[in-house]
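Q: Got a sequence here, can you build the structure:
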Amino acid sequence: MIYTITLNPALDRTLWIQKVRDDVSNRILEEKSFAGGKSVDVSKVLKNLGVDNIALGFVGGFAGRELEGRLLNEGIQTDFVHVSGETRTNIIIHEKETGKQLAFNARGPEIRPSELMEFVEQMERLPCGAIVAIGGSLPLGVAPEIYRKIITIVKRCQSTVVLDVDGVALRVGILARPDVIKPNIHELSELVGRELKGLDEIVAAAREINRQGVKIVLVSMGGKGILLVSEEKEYLAEPPNVEVQSTIGAGDSSVAGFVYGIMAGKDLKESLIYATATGTATAMSQGTALCKKEDFEAILPQIKLSVLRVEGKG
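A: Okay, the predicted model is just below:
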């Protein structure tokens, strides 16, 4: 089984308008709501690819019930801890005239210590999963230490842990040695404490993280593709040129694609190609819509893989 963990999920309310204009009534041309949050997106993409999984985290209030209901309608199993606060609602505005996108992300509910411990105890009782994907921001009342705690718990089962967070949460999380992390260039730069410019510098920084016990570092580089650095292997997967509709959820989709590859028994090269194809398919989708299987399959043969370094077998 695959578990995804999103401690601060959201309802993403997406609005389309012609153009934002000051001091006038801006009419909404179209609006949709989606269940959102980093690892919630991972759950949704995996389901789109035909892979069952269970979404975990905190939800509360009317927005939390709607989020659960939307995931249920998409065929995704959930086992959220219910809290007294209200799940956040994010606002995403798309300007049709300019193609610009504005995102307003709410902070989310404050989690009480008793609710936090309920989640920890739930994690300790869960049947072992093959893969656990953890991602997203922290809700109020929860310290970054929770990521180290979660990773420590799930690694008792020998589960493969994928961590997609940033800042202090990433620094603390890697102390528990997750198997995979997926920073973008900015997040990796922050992690190693210096600006990274060329590919050589990015590879060197990723190797530093390998030496700290993280087996695989996936660095997302937007239209330039995704870099994979492990102790023995370095690959770069580059996507084809596509018309980008929205970058929201593209990184999360890449995590789902990589997990999909691992679950399908693919090697690192193929799993990286899967990650790049799913991220690209999401970037081609409007609003906060995510990768569809038919788009993923169409893009897959168009991914260009470069072998930068290979030592040993596998």
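Q: For the most centrally placed residue in the chain, give its distance to Val161.
A: Relative to the mean C-alpha position of the chain, the nearest C-alpha, by C-alpha atoms, centre = their mean, is the one of Asp252, at 2.8 Å. Computed as C-beta to C-beta, to the nearest Å, the Asp252 to Val161 distance reads 16 Å. All C-beta atoms are positioned from the backbone trio N, CA, C, and that covers glycine.
Q: Please, where are all the helices along the protein?
A: 38-48, 61-73, 113-125, 145-154, 167-173, 185-192, 199-211, 250-263, 268-283, 293-299 (DSSP state H).
Q: burial count for Ser189?
A: 17 (other C-beta atoms under 10 Å).
Q: ok, it - contacts?
A: Ser189 sits next to Glu195, Leu196, Ala205 when contact means C-beta atoms under 8 Å, 6 or more residues apart in numbering.
Q: again, only this time at 10 Å
A: Ser189 makes contact with Pro183, Glu195, Leu196, Lys197, Glu201, Ile202, Ala205, according to C-beta atoms under 10 Å, 6 or more residues apart in numbering.
Q: Give me the distance between it and Leu305.
A: For Ser189, the distance to Leu305 - C-beta to C-beta - is 25 Å.
Q: Check Asn48 too.
A: Taking C-beta to C-beta, one finds Asn48 at 23 Å from Leu305.
Q: So if I had to pick from these two, which one is more boxed in?
A: Using other C-beta under 10 Å as the criterion, Asn48 and Leu305 rank with Asn48 on top: 23 against 15.
Q: any low-confidence regions in the stretch 151-300 of the chain?
A: Applying pLDDT under 70 to the stretch 151-300 of the chain flags residues 286-289.
Q: any idea how far the closest residue to Ala256 other than its chain neighbours lies from Thr278?
A: Once flanking residues are discounted, Ala256 sits nearest to Val45: 3.6 Å by C-beta to C-beta, 6 or more residues apart in numbering. For Val45, the distance to Thr278 (C-beta to C-beta) stands at 6 Å.
Q: what do you get for Glu234?
A: Counting by C-beta to C-beta, the gap from Glu234 to Thr278 is 21 Å.
Q: Kindly report the same for Ser43.
A: Applying C-beta to C-beta, the value for Ser43 to Thr278 is 13 Å.
Q: And Arg207, by the same measure?
A: Using C-beta to C-beta, Arg207 is found at 26 Å from Thr278.
Q: Check Val165 too.
A: To Thr278, Val165 is 19 Å away according to C-beta to C-beta.
Q: Which one's more surrounded, the two?
A: Thr278 (35 against 26).
Q: just checking, that one touches Leu290?
A: Yes - counting by C-beta atoms under 10 Å, Leu290 is a contact partner of Thr278 at 8.5 Å.
Q: May I have the beta-bridge partners of Ala103?
A: Judged by DSSP bridges, the bridge partners of Ala103 are Ile92.
Q: isn't it right next to Asp12, touching?
A: Yes - using C-beta under 10 Å, Ala103 makes contact with Asp12 at a distance of 8.8 Å.
Q: what's the overlap in contacts for the two?
A: Residues touching both Ala103 and Asp12 (C-beta under 10 Å, 6+ apart) are Asn90, Ile91, Ile92, Ile248, Thr288.
Q: Can you tell me which of these lies closest to Gly135?
A: Among the shared contacts of Ala103 and Asp12, Ile248 lies closest to Gly135 (C-beta to C-beta), at 13.9 Å.
Q: who touches that closest one in this structure?
A: With C-beta under 10 Å, 6+ apart, Ile248 has these contacts: 12, 14, 34, 36, 41, 90, 92, 94, 101, 103, 282-283, 285, 287-290.
Q: How about Val259, nearest residue that isn't a chain neighbour?
A: Looking at Val259 with C-beta to C-beta, 6+ apart, the closest residue is Ile131, at 5.5 Å.
Q: Against Met1, how distant is the residue lying closest to Ile151 once chain neighbours are set aside?
A: Once flanking residues are discounted, Ile151 sits nearest to Ala176: 3.7 Å by C-beta to C-beta, 6+ apart. Look at Ala176 and Met1: by C-beta to C-beta, they are 21 Å apart.
Q: Tell me which of the two has more neighbours.
A: Comparing Ala176 with Met1 by other C-beta under 10 Å, the one with more neighbours is Ala176, at 20 against 14.
Q: residues in contact with that one?
A: Taking C-beta under 10 Å, 6+ apart, one finds 145, 147-155, 161, 163, 213-214 in contact with Ala176.
Q: Most neighbours out of those, which is it?
A: Neighbour-wise, the contacts of Ala176 (other C-beta under 10 Å) top out at Tyr147, 28 neighbours.
Q: from what I can see it touches Asp166, true?
A: No - at 11.2 Å, Tyr147 and Asp166 do not qualify as touching, with contact defined as C-beta under 10 Å.
Q: overlap in contacts of the two?
A: Between them, Tyr147 and Asp166 share the contacting residues Gly135, Gly173, judged by C-beta under 10 Å, 6+ apart.
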